[in-house]
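Model the structure of this input:
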Amino acid sequence: MFGGMYAPSAGMVYPTLQWLEDESLVNSSEEGGKKIFRINETGKKFLGDGQQTLKRISAFQKKMPESKVEMMRASRKLFRTAMAVFPDITEERAKEASKILNEAQTKLAKIVE
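Numbering: from 1, shown residues only. Now for the predicted structure:
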């Protein structure tokens, strides 16, 4: 839907589901050892009320050229890689990684000068 520009993490999905349940917009049940969420009538009304916002977001994405969408995907991929290696990286490699990231930032900033 968002052309790869947004991919929610578990850290976003589960608190959101809990919030939806707290607001009585969904009902949950236990099925096969899993918690299942189902939208209820109040949630359907809430969703319907938000359709204009969703349409505006969708229109924004549709107007964006593929090259910009790809740039957003690449930046997200770079961030995820940096965060994935962060816990186990040695001090020496962290310095090397910082240098690479700083050079990339400088080169990117020059594109719009």
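
helices and strands of the protein: which one has the lowest mean pLDDT?
helix 51-63 (a mean of 71; mean pLDDT, DSSP states H and E).

so after it, what's the next helix or strand?
helix 66-85 (DSSP states H and E).

model confidence over that following helix, on average?
The average pLDDT for helix 66-85 rounds to 87.

Packing partners of that helix?
helix 91-111 (3 or more C-beta pairs under 8 Å, 6 or more residues apart in numbering; DSSP states H and E). In this view, the C-beta of every residue, glycine as well, is placed from N, C-alpha and C.

List the residues that contact residue 82.
97, 101 (C-beta atoms under 8 Å, 6 or more residues apart in numbering).

For residue 27, identify the helix or strand it belongs to.
Judged by DSSP H and E, residue 27 forms part of strand 26-31.

Following the chain onward from that strand, which element is next?
Next element after strand 26-31 (DSSP H and E): strand 34-39.

How far away from the center of its chain is the following helix or strand past that following strand?
Heading C-terminal from strand 34-39, the first helix or strand you meet, by DSSP H and E, is helix 41-49. With C-alpha atoms, centre = their mean, to the nearest Å as the basis, helix 41-49 stands 23 Å off its chain's centre.

do stretch 64-81 as well
12 Å.

can you pull the buried residues of it?
Within stretch 64-81, no residue is scored as buried using 16 or more other C-beta atoms under 10 Å.

Now that stretch - C-alpha only, CSV.
This file holds the C-alpha atoms of stretch 64-81, laid out as CSV (Å, rounded to 0.1, in the frame of the first residue of the first chain):
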residue,chain,number,x,y,z
MET,A,64,5.8,9.9,-5.5
PRO,A,65,8.1,8.9,-8.3
GLU,A,66,9.5,5.3,-8.0
SER,A,67,13.1,6.8,-7.6
LYS,A,68,12.0,8.5,-4.4
VAL,A,69,10.3,5.4,-3.1
GLU,A,70,13.5,3.5,-3.8
MET,A,71,15.5,6.1,-2.0
MET,A,72,13.3,5.7,1.1
ARG,A,73,13.6,1.9,0.9
ALA,A,74,17.4,2.2,0.7
SER,A,75,17.6,4.5,3.7
ARG,A,76,15.4,2.2,5.7
LYS,A,77,17.6,-0.8,4.7
LEU,A,78,20.8,1.1,5.7
PHE,A,79,19.3,2.1,9.1
ARG,A,80,18.2,-1.5,9.8
THR,A,81,21.6,-2.9,8.9
